[in-house]
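Take this sequence and fold it.
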Amino acid sequence: MPKTTNRPAPKRAAPQASAAPEAPAEAREPRGARRKRETRARLLDAALKLMAEKGMEGVAINEITEAADVGFGSFYNHFESKEAIYATLVESVFEEFADWLDRLTLGLSDPAEVIAVSVRYTLMRAHREPLWGQFLVREGFSSRMLDRGLGKRLLRDVQKGIVAKRFAVADPFVAFLSVGGTVLASVTAQLGLASPDAPNADALTELGFSGEHLAERVAAALLQSLGLKRAEAEKVAARPLPLVEPAVEAD
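I've put the predicted structure just below:
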């Protein structure tokens, strides 16, 4: 018989550990880029608060940088001027919201419902985000807002309702001013009642102002001013709202 030798069994290679999952994009963001993004956001937040209170003309760049706790020179790494940061605010505060309203009402065939939905969501957002509402009121009464954002779309929607013979108004521009002015006045009253410390809170209470179902009440009154009968206006203003996209709602 051939002589056998006891040889050790060949060693198996240890299994290779699976590669670690790739870090998400947020984790790979360079520190410098993250700091730049955070600084820009702080400047925009500070500018929004100051301009909502004083308007663009009443705010200086150094006020913005101080409120944001950012060096004065750093401002120009993000914006060319005060007008540039204001334009960015208008884009994010009004234009994006107006674009979203357009998408939301795209499937609605009734011009009256388009107006009602836009008015209700505007008042609801102003109630949920008082700073947004304050900025809307201040800038909404300026001539700058007549040809952009919410103002431009409101005028368009009023004109569509007139062409479709849904609204019975003689002067589209005056109707637009009436609707826009009522919305802004309603937001102002809503903000005034929201804070018990507001100077006009007692006066509003004495007048019998109530914030309950304010969005629907304002929408119904505006539809009546555009020519709808009271019962129909209230019915349209109480229709279920189109669903909100989660990403926008969290905005």
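
okay, CA-based contacts and neighbour counts for the rest of this
Fine.

same question for the helix or strand where Phe135 lies, mean pLDDT?
Counting by DSSP states H and E, the element that carries Phe135 is helix 130-140. For helix 130-140, mean pLDDT is 87.

likewise stretch 91-98?
For stretch 91-98, the mean pLDDT works out to 84.

likewise stretch 60-71?
Average pLDDT, stretch 60-71: 94.

Now do it: distance to the chain's middle.
Offset of stretch 60-71 from its chain centre (Cα atoms, centre = their mean, to the nearest Å): 24 Å.

which other residues reach it?
Applying Cα atoms under 8 Å, 6 or more residues apart in numbering, the contact partners of stretch 60-71 are Thr39, Arg42, Leu43, Asp45, Ala46, Ala47, Leu50, Phe72, Phe75, Lys82.

ok, of these, which come out buried?
With neighbours counted using 16 or more other Cα atoms under 10 Å, the contacts of stretch 60-71 contain these buried positions: Thr39, Arg42, Leu43, Ala46, Ala47, Leu50, Phe75, Lys82.

Quickly check the residues you listed for the two that are furthest apart.
Thr39 and Leu50 (16.6 Å; Cα to Cα).

Might you report the residue contacts of Ala219?
Taking Cα under 8 Å, 6+ apart, we find Ala219 in contact with Ile115, Ala116, Val119, Arg120, Ala233, Ala237.

one more time with 6 Å, if that's ok
By Cα atoms under 6 Å, 6 or more residues apart in numbering, the contact set of Ala219 is Ala116, Ala237.

How much space separates it from Arg31?
48 Å (Cα to Cα, to the nearest Å).

Ser238: how many residues sit nearby?
To be clear, residue 238 is Ala; Ser isn't right here. When counting by other Cα atoms under 10 Å, one arrives at 19 neighbours for Ala238.

Nearest spatial neighbour of it, chain-adjacent residues omitted?
Nearest residue to Ala238 in three dimensions, chain neighbours excluded: Glu216, at 6.2 Å (Cα to Cα, 6 or more residues apart in numbering).

any idea which helix or strand carries the one you found?
Going by DSSP H and E, Glu216 is part of helix 214-225.

One more: Gln159?
Applying DSSP H and E as the criterion places Gln159 in helix 149-163.

So what's the gap between that helix and the chain middle?
For helix 149-163, the distance to the chain centre is 19 Å (Cα atoms, centre = their mean).

from memory the residue nearest to Ala238 sits against Ala237, does it?
Yes: look at Glu216 against Ala237 with Cα atoms under 6 Å: they come within range, at 5.4 Å.

Restricting to C-alpha, output the helix holding Glu216 in PDB.
The C-alpha coordinates for helix 214-225 follow below in PDB (Å, rounded to 0.1, in the frame of the first residue of the first chain):
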ATOM      1  CA  LEU A 214     -62.000  82.900   7.700                       C
ATOM      2  CA  ALA A 215     -60.600  81.500   4.400                       C
ATOM      3  CA  GLU A 216     -63.900  80.200   3.300                       C
ATOM      4  CA  ARG A 217     -65.800  83.300   4.300                       C
ATOM      5  CA  VAL A 218     -63.400  85.600   2.500                       C
ATOM      6  CA  ALA A 219     -63.600  83.400  -0.600                       C
ATOM      7  CA  ALA A 220     -67.400  83.400  -0.600                       C
ATOM      8  CA  ALA A 221     -67.600  87.200  -0.200                       C
ATOM      9  CA  LEU A 222     -65.100  87.700  -3.000                       C
ATOM     10  CA  LEU A 223     -67.100  85.400  -5.400                       C
ATOM     11  CA  GLN A 224     -70.200  87.500  -4.600                       C
ATOM     12  CA  SER A 225     -68.300  90.600  -5.500                       C
END
